[in-house]
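J.: kindly return the folded structure for what I paste below:
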Amino acid sequence: MSERSGRPVLHPGAPAREVTAGRVSFAGPRWDWGDGGPFDALTTAVWRARRGEGGTLLVRGSFGSGRSTLLRAAASHAEKGGFRTLRMFGHLAERDVSLGLAAQLVDALEGLDGRPRSLPDCGPTLYRVLRDLTRRCPVLLCVDDVQWVDPASLSCLGYVARRIENLPLLIVAAVREGEPASDPAVVAELADGGVCHGVVTLRPLTHDETVEVARRHAPGVPDLAAASAGEVCWRLTRGNRLLLREAIRLLDARVALTDQTAAGPELAARLTADLERLAPRAVVAAIAELGDAADREMLSHVTGLLEHDCEDAVRALTAAGFVRADRAGLVHPLVRATVVADTSATVRAALHGSAACRLRSRRSPVERIARHLLHVSPGFRPWAAETLLSAAHAEIIHRGPGAAPLIDRALRENLPASTGAELVIELGRAFLRRDIAGAPPCFDRASALTAVPRLLSDAAIGKAAALFHLGRHDEARRALEPVADSGPLRSLFTTSPVPAGWVPRAGLGHLDLLVDSLGKLRAGRLTEEACDREAARARQRGDLCHEAVALLMRGHLALSAGRLAVARRGLAEAQARLVEAGAARTSALLRLAFAGQAEAAVRSGDTAAAAGALDAADGFGRLTSAWWDAVLLVTRAEVRVAAGDVDRARSDLLNFHDWLDGRSDAPALISSRRARAAVLAHRTGLGDHARRFASRALDVARAADGTADRATDRAAAGPSGGHLDLGLALHAFGVVHGDPDALLRATRLLAGTRARLDTAQAHVDLGAELRRRRQNREARHHLREGLTLGVVCGSDELVARAEDELIVAGGRLRRPPPHLLTNAEERVAVLAGEGLTNGEIARRLCITRRTVEAHLTHTYRKLGITSRSQLPRALRDHCLPHD
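T.: Next comes the predicted model:
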């Protein structure tokens, strides 16, 4: 307790509120009143009344705000402090009964001298009796539900209120917001008259106050459980005191509270009566069921009432605090659940069906329509299944949680078996995202519904993925064995629909891991160190296929970076692991290993070794429609061009063109092959095909990376698959069309990637084009750049072509610069530039610390630097890849 301006006030949040005013002591009720504001106003008014400053105090609040509770508590504590309390209340049934409230007051004054004998003269007589009563003790007159008091009684109350300014008499009147009063003028006088001590507006409790009430109510419950109960109470009641009391009662009865929990019979009857008094039952049920879809026009459609009648009903419910201000459903989930429980299932289904039809006529989003179709019986409309399926697909695309019930509901429609199987597969995939344990039964159900190979493969893959995530690896392997060699299964790997990682452990061909790794390689997010670590882990597990994939990716990284000798060794090692593992299930990987070796060999100028690598590929003559065989076509064409077999190279390029024409969505993994095919077609005389290849490659690359200008601006940010594909496409376009500007932009883009050999080829082709345009000075600059990079990469074919062009352009051949690093020195220098210590480099490369120190000594001498901090810049200046 404290004193402010001579008036006692309450400490907000105190566990036991107590105010002392003279001999009057008020202890707060056990119900929590939030910030204590209502008690402050009430205590001050009582204190003033005891001093002889009579007046009125008006308490406002909506349904369940605690008006009656506050008045009862005030009367109880006033009696303990020596006040004489007189309690009266208005009632809806007596609103038209003249002087009904006055009769209650007359009965309360039973036995007092001067009590009015008849009601017509009760106004002046009641005032005299109350005045005489205040001479004995202070008087508190509590009037609840003033909005339902008849006009005559309100007139008597106003007569008394205007004459108590100098009496120890306090009139506390409670009025319910949203309800029209029988005599608004008198109620306004109680609130604004000269003897008014204030107006108390009861607001709902805040979130923190609601949680605190729940915590205090259960002192023996652990804090975590009490906080959880408080959150549930807040969600159901939104701080409404009456509903909060009901929620706590349900908790005491060990009822598990959810959003579907309805109030008990006593409160439910009271809620139903209040709601039906404010609005027609059909409108209330529609608002509870339809939620934010229940606008004025929708309510009129589903209930059959006029729009203005529906608007009046919603306005009354909103004013009473039942409906949200934005008209988006009932405020309190507890009230909504109570209304829903009181509405029959048939009526609810009819409301949702009518709402679905209306939303469809409005062309609303399928997600909103499907939300209502979930509550309608099967066979409702022919378009129901299609709408549910469309909504489910939208949920799956956005990874929403609502796909499973939508698909399950669509299955209950009259659908063909194949369509039903597709729906069940989608249902299983939805479970994979949310509840993996429920996925295998869905895929089993799909397999039982169809005999279509594609759907059987989809179901098998989905089931295997779920079993893997559940740790049942052997079952996952057995699930895929029946469809392991099927065409549909192979085609699915072009888009990698299964999460990378489960295939290697299940021993199922590793194609999914391959696609995922190639995608990371194209995006510049795969490093040789990561491949080395993955290969070491696979070697420890004895997983030869997984190790082969890691080695294959490491070889392709080296090939892209222009380290041709390293690439050839790495790809040969990957081939050995694949052969050891057995080529039956890994034929695609084996073909890619041979193709990589052939590409590295032909770019090194070793055409015989390239041809031998292709000949060693088992069954190479029987190419399929898979993307990896399309890659082989371009590689074989490149080898045949280098060997002088132009006719057969043209045949391979034409076959590759036919393969692309048969595909509307060729995988992004062959983007570089399309650009390479354009250059080869140009060199073999297939001018039209070359232009088609180049234009299409440029369109695809720009679509993937945006505009060329934007990509050029971002090139300095780091290597990426978009820059590489766009650079290769611009290179091909420049070669085919003889466009030096395109070639120049290609060199700038490729310089920001790890593709040193492709950068060298772009420089040489740009130099050759400038030489043909007699711009020899600029041509020599680019030819020397290409020649230097070609020497670093070890590409004899490119070096020879660059030297020939340089001589024709009037340049002189120079000896290879002595400062060029060996492959081993380069790897050590790159790691040292990244900040690794000598010991870390030695462990990473599996060499001794002394070897690392020797390589760094040679590197410093060749690059002309003296410290490790100078390495990053020196490496960039010498065209070495460095992140």
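
J.: all contacts plus neighbour counts: C-alpha atoms, from now on.
T.: Will do.

J.: ok but Val200 is inside a strand, no?
T.: Yes: counting by DSSP: H, G, I helix; E, B strand; the rest coil, Val200 is found in a strand.

J.: so Leu86, which state does it fall into?
T.: Quick answer, by three-state DSSP: Leu86 is strand.

J.: scratch that, Arg163 is what I was asking about
T.: Here Arg163 is recorded as coil under three-state DSSP.

J.: neighbours around the nearest residue to it once chain neighbours are set aside, how many?
T.: Spatial nearest neighbour of Arg163, chain neighbours left out: Tyr127 (7.9 Å); criterion: Cα to Cα, 6 or more residues apart in numbering. Other residues near Tyr127 come to 19 when the count uses other Cα atoms under 10 Å.

J.: swap in the one 3 residues further on?
T.: Around Leu130 there are 22 other residues, counting by other Cα under 10 Å.

J.: tell me which element it falls in.
T.: Using DSSP states H and E, Leu130 sits within helix 122-134.

J.: could you point out which element follows that helix?
T.: Using DSSP H and E, the helix or strand that follows helix 122-134 towards the C-terminus is strand 139-144.

J.: now do that following strand, average pLDDT.
T.: Mean pLDDT, taken over the full extent of strand 139-144, equals 90.

J.: can you give the strand pairings for that strand, parallel or anti for each?
T.: Strand 139-144 pairs in its sheet with strand 84-89 (parallel), strand 169-176 (parallel), by DSSP bridges.

J.: who touches the following helix or strand past the shortest one?
T.: So that's strand 84-89. Downstream of strand 84-89, the next assigned helix or strand under DSSP H and E is helix 100-108. Contact with helix 100-108 is made by 86-90, 94, 115-116, 119, 122, 126, 149-150, 153, 156, as judged by Cα atoms under 8 Å, 6 or more residues apart in numbering.

J.: quick one: which of these has the most company?
T.: In terms of neighbours by other Cα under 10 Å, the contacts of helix 100-108 top out with Val149 at 30 neighbours.

J.: please report phi then psi for that residue.
T.: Phi and psi for Val149, reported as degrees, to the nearest 10, are phi -80, psi 140.

J.: how far is the helix holding Leu130 from where the chain is centred?
T.: Distance of helix 122-134 from its chain centroid, counting by Cα atoms, centre = their mean, to the nearest Å, is 69 Å.

J.: just stretch 735-749 next, same as before
T.: In terms of Cα atoms, centre = their mean, the centre of stretch 735-749 is found 42 Å from the chain centre.

J.: show me what counts as buried in it.
T.: 735-736, 738-740, 742-749 (16 or more other Cα atoms under 10 Å).

J.: that stretch - what's its average pLDDT?
T.: Per-residue scores along stretch 735-749 average to 91.

J.: same question, stretch 857-868
T.: Here the average pLDDT along stretch 857-868 is 76.

J.: sorry, back to before: can you tell me which of the contacts of helix 100-108 is nearest Ala174?
T.: Closest approach to Ala174 among these (Cα to Cα): Phe89, at 9.0 Å.

J.: residues near the closest residue to that closest one other than its chain neighbours, how many?
T.: Distances taken as Cα to Cα, 6+ apart place Asp144 nearest to Phe89, at 4.4 Å, with adjacent residues excluded. If you count neighbours by other Cα under 10 Å, Asp144 ends up with 22.

J.: now Asp144: how far from Arg774?
T.: 103 Å (Cα to Cα, to the nearest Å).

J.: per the record, what domains does this structure have?
T.: Domain ranges of the chain: 2-203, 209-257, 259-343, 623-753, 755-817, 823-877, per automatic domain parsing.

J.: mind putting those into JSON lines with distance to Arg533?
T.: As requested, the domains of the chain are exported to JSON lines (distance: least, Cα to Cα, whole Å):
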{"stretch": "domain 2-203", "distance to Arg533": "60"}
{"stretch": "domain 209-257", "distance to Arg533": "43"}
{"stretch": "domain 259-343", "distance to Arg533": "50"}
{"stretch": "domain 623-753", "distance to Arg533": "22"}
{"stretch": "domain 755-817", "distance to Arg533": "22"}
{"stretch": "domain 823-877", "distance to Arg533": "9"}
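
J.: so which of these is nearest Ala459?
T.: Minimum separation from Ala459 across the domains of the chain (Cα to Cα) falls at domain 623-753, 21.1 Å.

J.: using PDB, write out every CA atom in stretch 175-182.
T.: Taking C-alpha atoms only, stretch 175-182 is exported to PDB below (Å, rounded to 0.1, in the frame of the first residue of the first chain):
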ATOM      1  CA  VAL A 175     -23.200  -1.800 -18.100                       C
ATOM      2  CA  ARG A 176     -22.500  -4.300 -20.900                       C
ATOM      3  CA  GLU A 177     -20.900  -2.900 -24.000                       C
ATOM      4  CA  GLY A 178     -22.600  -3.600 -27.300                       C
ATOM      5  CA  GLU A 179     -26.100  -3.700 -25.700                       C
ATOM      6  CA  PRO A 180     -28.500  -0.800 -26.300                       C
ATOM      7  CA  ALA A 181     -29.900   0.700 -23.000                       C
ATOM      8  CA  SER A 182     -33.600   1.300 -22.400                       C
END
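
J.: which element is Val335 on?
T.: helix 333-341.

J.: after that helix, next one along is what?
T.: Downstream of helix 333-341, the next assigned helix or strand under DSSP H and E is helix 345-361.

J.: give me the helices and strands touching that next one, please.
T.: Helices and strands touching helix 345-361, by 3 or more Cα pairs under 8 Å, 6 or more residues apart in numbering; DSSP states H and E, are helix 281-290, helix 296-303, helix 366-373.
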